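*Asks:* any chance you could fold what I've pasted below:
(4 chains)
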There are 2 protein chains.
Amino acid sequence: MSRPTIAAVARAAGVSVASVSRVLNGLPATGEMTERVRRAVQELGYVPDARARSLKVGRTFQLTLAVADVGNPVYVTMMRAVEEVVSAAGYRLVVTTTGRDVVDEVALVRGMARGYADGLVISPLRVDDDLIKSIRECEVPVVVAGNVPARAGVDTVRANSPKGIRLAVDHLVARGRRRIAFLNGPADTVPGTARAKGFADALKAHDLHPAATAEAADFTFPAGRAAAPRLPAAGKLDAVICANDLLAVGVMHELAANGLRVPEDVAVVGMDDSELAEQSFPPLTSVNLGSAERGRRAAELLLARIEDSTRTPRRIVVQPSLSVRRSTP
Amino acid sequence: MSRPTIAAVARAAGVSVASVSRVLNGLPATGEMTERVRRAVQELGYVPDARARSLKVGRTFQLTLAVADVGNPVYVTMMRAVEEVVSAAGYRLVVTTTGRDVVDEVALVRGMARGYADGLVISPLRVDDDLIKSIRECEVPVVVAGNVPARAGVDTVRANSPKGIRLAVDHLVARGRRRIAFLNGPADTVPGTARAKGFADALKAHDLHPAATAEAADFTFPAGRAAAPRLPAAGKLDAVICANDLLAVGVMHELAANGLRVPEDVAVVGMDDSELAEQSFPPLTSVNLGSAERGRRAAELLLARIEDSTRTPRRIVVQPSLSVRRSTP
DNA sequence: GTCTGACCTGTAAACGATTACAAGAACGAT
DNA sequence: ATCGTTCTTGTAATCGTTTACAGGTCAGAC
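*Replies:* Residues are numbered from 1 along each chain as shown, chains lettered A, B, ... in the order given. Predicted structure coming up:
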């Protein structure tokens, strides 16, 4: 005995399928009609088929979120925010991880044409012309959580990481640190390049030279540990800014292993202000790039564009703030 | 100009829609036919519509993963493992958070009848008869990642947390600790009850009495901090086992705030062996309950059952191990 | 009493694929 | 040359909804 269809309900209620559909979708009907349909639905345990419905109405009520790595706490934060907005609007969330390669991202965007979701929030680590082209041509609305050129003509929500780094540098300088190093993630990523430039500019504004800059293999904790020895010895630096919290925690571990105290010997600042910043020891001063807000607003932009595909693309920049904790003096 | 349909391709190639469909699905066709269809597809940029396809074939090639909280690192690990297996098999992953309430879970399972996914992996925090009933009656295959009674007649993958706690206790006792406390999560959850009993039994096996037991409001970091003061003073205990890593890290913070050293004054053991255990300071000795493996095997069970719905339900138990780090002597 | 309009309801045509079935072509065996 | 078999292709039904359109009922206005 398979699932009852709308036709079975119509038969049981002695009405037409159209009427059943109308009652179920809240279109006007007489009280008696409504009552009969309700009863039949109840009796048969009828549940409308989402597949058939989405074929007909051309919508699946699903949205896709594509991130590089679900393990990164910053994406967890974004994902939670997106999920909240999206599910409140009656959509389900499809999560895909794109991996490191840009061609995977392009394939993903192109694949949206299959219509398994009504929109896409993508947070690309690396961006090239192919990706931008695929986003422009995408069959469904796309919102980019990250930095793409305005010519892409797409809704974006991004952080202002240079300004965020500026906050971190200002803070460190105010506390008397002058020999400041920067541990970046891969410089060929979008956040990587932005942060490198942001750091250079921020130091220049204070007439300082970088104590050092280094680059981790990716934005993970082990990469942070591995890269830490490439920073100069403690005498040569009194503060390290890291391109995200995972790297920062990796560095702190390495510092501790070398008998250095945080913040007395070396101050450490992370970025993202993820839950990890709060949980690390000492708690990590971190640049809050508004990941939850970015997720929320990206989801809202996407919903708005689904409602009205003609609106001009918006480019939202979420302002950073600094969460000062005990890893800085 | 809307998306081309299979009919447009057929027209362009001068063949029937059936032939196009067959070529696209790799059914036998002559070289010439294959070539003409390929060319037309290429030219029009045709991409088959997933909605129509899933209506006809009765499958969406989507699977749902339902967890209580995407922010918990243990679910992140599981999710990553599930995603990997599932996407390798050509499925997409739909992630939903169920929240704390059991009725949400029941509604979710019932809602699977809409057919928006071909299967469900659910990791319920709280289980009642309604939930079991809804799982039994679910239209699509369900795998439970967690502990439900055998009478549910459903594939399950679960951890052996009592045995895991036993490992932790053995370890602590071997290192000379005798006054061992337990910080549990909510005792009305499935993992909560299992862990409480596991702790009691493990101590009994060593002829020890619990130094104390306390219960946190949920399985989060702030709850761990908040609950720590409810444990007895340091003189009365020399080790704390916590029901997960987040609680353990919360406790360590609180201990540090009171000037106590880990592990010298108090040893701390977590559970889940999540990435956080490695990242915390000092690195946390943690019971590895095999969350990645549980995720992987749950996904595999689900795929197997989709292939063959008649197979008898399996109940897999993943064996725990202890990852010893510096939070214990 | 008739006519107009409003309002429900039912019939049937979509939506875009897959696939059962039938028809036609090709080929080998007799 | 005829027949039967196999292989390829096309026609049309189908999946389960939604919805345009038409038909029917009923009330109100003249």
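
*Asks:* hey, where'd the strands end up in chain A?
*Replies:* Taking DSSP state E as the test, the strands found in chain A are A:62-67, A:92-97, A:120-122, A:142-145, A:155-159, A:180-184, A:212-215, A:239-242, A:267-271, A:285-288, A:315-318, A:321-323.

*Asks:* tell me which of those strands sits most buried.
*Replies:* The highest average neighbour count among the strands of chain A, using mean count of other C-beta atoms under 10 Å in any protein chain shown, belongs to strand A:239-242 at a mean of 30. From N, CA and C alone the C-beta is placed, and that goes for glycine too.

*Asks:* which strand residues bridge the residue nearest to A:Arg314 when sequence neighbours are not counted?
*Replies:* Spatial nearest neighbour of A:Arg314, excluding adjacent residues (C-beta to C-beta, 6 or more residues apart in numbering or on different chains): A:Asp155 at 5.5 Å. Beta-bridge pairing of A:Asp155 under DSSP bridges involves A:Val143.

*Asks:* OK, contacts around A:Asp155?
*Replies:* A:Pro141, A:Val142, A:Val143, A:Val144, A:Ala298, A:Leu301, A:Leu302, A:Arg305, A:Pro313, A:Arg314, A:Arg315, A:Ile316 (C-beta atoms under 8 Å, 6 or more residues apart in numbering or on different chains).

*Asks:* of the residues you listed, which is the nearest to chain B?
*Replies:* Set against chain B, the nearest of the contacts of A:Asp155 by C-beta to the nearest C-beta is A:Pro141 (14.8 Å).

*Asks:* neighbours around that closest one, how many?
*Replies:* Using other C-beta atoms under 10 Å in any protein chain shown, A:Pro141 is surrounded by 22 other residues.

*Asks:* give me every residue that touches it.
*Replies:* Contacts of A:Pro141 (C-beta under 8 Å, 6+ apart): A:Asp118, A:Gly119, A:Leu120, A:Asp155, A:Leu302, A:Arg305, A:Ile306, A:Ser309.

*Asks:* of the residues you listed, which count as buried by neighbour count?
*Replies:* Buried by 16 or more other C-beta atoms under 10 Å in any protein chain shown: A:Asp118, A:Gly119, A:Leu120, A:Asp155, A:Leu302, A:Arg305, A:Ile306, out of the contacts of A:Pro141.

*Asks:* biggest separation within those residues, which pair?
*Replies:* Greatest spatial distance in the buried ones among the contacts of A:Pro141: A:Asp118 and A:Asp155, 14.5 Å, computed using C-beta to C-beta.

*Asks:* let me see the ranges of the helices in the stretch 1-150 of chain A.
*Replies:* Taking DSSP state H, counting those that start in this stretch as the test, the helices found in the stretch 1-150 of chain A are A:6-13, A:17-24, A:31-44, A:50-57, A:73-88, A:102-111, A:129-136.

*Asks:* will you turn those into TSV that also has distance to B:Ala168 and mean pLDDT?
*Replies:* Formatted as TSV, these follow (distance: least, C-beta to C-beta, whole Å; pLDDT from 0 to 100):
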stretch	distance to B:Ala168	mean pLDDT
helix A:6-13	55	94
helix A:17-24	53	94
helix A:31-44	51	92
helix A:50-57	45	96
helix A:73-88	26	93
helix A:102-111	40	92
helix A:129-136	47	94
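
*Asks:* hey, which of the ones you listed is tucked in deepest?
*Replies:* helix A:73-88 (a mean of 22).

*Asks:* CA atoms only for that helix, dumped as PDB, please.
*Replies:* What follows is helix A:73-88, C-alpha atoms only, in PDB (Å, rounded to 0.1, in the frame of the first residue of the first chain):
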ATOM      1  CA  PRO A  73      34.300  27.300  13.000                       C
ATOM      2  CA  VAL A  74      33.700  30.400  11.000                       C
ATOM      3  CA  TYR A  75      31.600  28.500   8.500                       C
ATOM      4  CA  VAL A  76      29.800  26.800  11.300                       C
ATOM      5  CA  THR A  77      28.800  30.200  12.500                       C
ATOM      6  CA  MET A  78      27.700  31.300   9.100                       C
ATOM      7  CA  MET A  79      25.900  28.100   8.500                       C
ATOM      8  CA  ARG A  80      23.900  28.400  11.700                       C
ATOM      9  CA  ALA A  81      22.900  31.900  10.800                       C
ATOM     10  CA  VAL A  82      21.900  31.000   7.300                       C
ATOM     11  CA  GLU A  83      20.000  28.000   8.500                       C
ATOM     12  CA  GLU A  84      18.000  30.100  10.900                       C
ATOM     13  CA  VAL A  85      16.900  32.700   8.400                       C
ATOM     14  CA  VAL A  86      16.200  30.200   5.700                       C
ATOM     15  CA  SER A  87      14.200  27.700   7.700                       C
ATOM     16  CA  ALA A  88      12.100  30.600   9.200                       C
END
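
*Asks:* just want the angle from that helix to strand A:62-67.
*Replies:* 170 degrees (axes from the mean of the first three to the mean of the last three C-alpha atoms, to 10 degrees).

*Asks:* OK, contacts around A:Tyr75?
*Replies:* A:Tyr75 sits next to A:Val67, A:Ala68, A:Asp69, A:Ser123 when contact means C-beta under 8 Å, 6+ apart.

*Asks:* A:Val109 versus the closest residue to A:Ala304 other than its chain neighbours, what's the distance?
*Replies:* Among residues not flanking A:Ala304 along the chain, A:Arg311 sits closest, at 6.8 Å (C-beta to C-beta, 6+ apart). Separation of A:Arg311 from A:Val109 (C-beta to C-beta, to the nearest Å) stands at 20 Å.

*Asks:* that older thread, dump the buried ones among the contacts of A:Pro141 into TSV; add pLDDT as well.
*Replies:* Below are these laid out as TSV (pLDDT from 0 to 100):
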residue	pLDDT
A:Asp118	97
A:Gly119	96
A:Leu120	97
A:Asp155	97
A:Leu302	97
A:Arg305	95
A:Ile306	94
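
*Asks:* output the below-cut-off pLDDT ranges for the stretch 101-250 of chain A.
*Replies:* A:234 (pLDDT under 70).

*Asks:* OK, now which residue of it is nearest to DNA strand D?
*Replies:* DNA strand D sits closest to A:Gly115 of the stretch 101-250 of chain A, with a gap of 13.6 Å, by C-beta to the nearest atom of the strand.

*Asks:* could you verify my assumption that that residue touches A:Glu139?
*Replies:* Yes. Using C-beta atoms under 8 Å, A:Gly115 is in contact with A:Glu139, at 7.1 Å.

*Asks:* higher neighbour count, these two?
*Replies:* Ranked by neighbour count (other C-beta under 10 Å), A:Gly115 and A:Glu139 place A:Gly115 first, with 23 against 16.

*Asks:* contacting residues for the more buried one?
*Replies:* Going by C-beta under 8 Å, 6+ apart, the list of residues near A:Gly115 reads A:Gly58, A:Thr60, A:Glu139, A:Val140, B:Asp49, B:Ala50, B:Arg51.

*Asks:* what about it, distance to B:Val94?
*Replies:* From A:Gly115 to B:Val94 the distance is 15 Å (C-beta to C-beta).

*Asks:* ditto for A:Ser280
*Replies:* Taking C-beta to C-beta, one finds A:Ser280 at 32 Å from B:Val94.

*Asks:* go on, A:Asp272?
*Replies:* 26 Å.
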